[in-house]
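> No letters, just coordinates:
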């Protein structure tokens, strides 16, 4: 079974995981409010050493594509691209919101990540992983207005962000998503140079440049 090394550095709570097929061998939660650039490679090295593996034993390197911190998303994707290129292996990028949807059990799954500034990253999925509402960043009340009348399962790590309606349910999502990224990565395999970030929100630099 091919080994996948998966990373999530998109927020201050991140994770790394070693996955074999659909089995998470080990997942490590990381909390780095100042960023992951100085810790990600030592943490990867320690994980592989604990499992008696080397980088050459890994067949696929995967990262969270976002949405999340612009710097955090770039760190994870850059790490995966470099590891895949140097070792001659495949790479993959997986949306965080898609990973959250995989945790659910209901026919309709609303996945939400706090985007701060009074907004959320959100999308709506069905049980097969198909998008019903595209990923977007907006105030929560705007997203709620676009939801169908049918009950949905809200999936988010922060219950206070989500206004569950009558008939809706709530699933507390874990902060560590690297294991889920690793499980979904095999359906998103790409060459390293083709990996792309899923920022959803435009950067401040882009906003200010377009408005100037």
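Nice, thanks for sending it over. Quick caveat: nothing in here was measured; it's all calculated off a predicted structure.

> Just checking, which helix or strand succeeds the helix ranked longest in the chain along the chain?
In terms of residue count, the longest helix belonging to the chain (DSSP state H) is helix 70-87. The C-terminal neighbour of helix 70-87 among helices and strands, as given by DSSP states H and E, is strand 90-95.

> rewinding a little: mind listing what's buried in the longest helix of the chain?
Buried residues in helix 70-87, counted by 16 or more other Cβ atoms under 10 Å: 70, 72-77, 79-81, 83-84, 87. (C-beta placed from N, C-alpha, C; glycine too.)

> what does stretch 165-185 give?
Here stretch 165-185 shows 168, 171, 173, 176-185 as buried, counting by 16+ other Cβ under 10 Å.

> which one of the buried residues of helix 70-87 sits closest to residue 13?
Residue 13 lies nearest to residue 72 out of the buried residues of helix 70-87, by Cβ to Cβ, at 10.2 Å.

> Surely that closest one is in contact with residue 13?
No - using Cβ atoms under 8 Å, residue 72 is not in contact with residue 13; the gap is 10.2 Å.

> before we move on, back to that, for the longest helix of the chain, what is the distance to the chain centroid?
14 Å (Cα atoms, centre = their mean, to the nearest Å).

> any residues touching that helix, and which ones?
Outside helix 70-87, the residues within contact range by Cβ atoms under 8 Å, 6 or more residues apart in numbering are 5, 7-11, 14, 35-37, 40-41, 44, 55-56, 58, 61-67, 89-93, 192-193, 195, 197-199, 203.

> Give me the buried entries from these.
5, 7-11, 14, 36, 40, 44, 58, 61-67, 89-93, 192, 195, 197-199.

> in the chain, what spans have low per-residue confidence?
Along the chain, segments meeting pLDDT under 70 span 202-212.

> Show me where it has its strands.
Using DSSP state E, the strands of the chain run over 3-8, 13-20, 23-31, 58-66, 90-95, 108-116, 119-126, 131-138, 153-156, 169-172, 189-190.

> Tell me which of these sits nearest to residue 146.
Here strand 131-138 is closest among the strands of the chain (Cβ to Cβ), at 6.0 Å.

> Much appreciated, bye for now.
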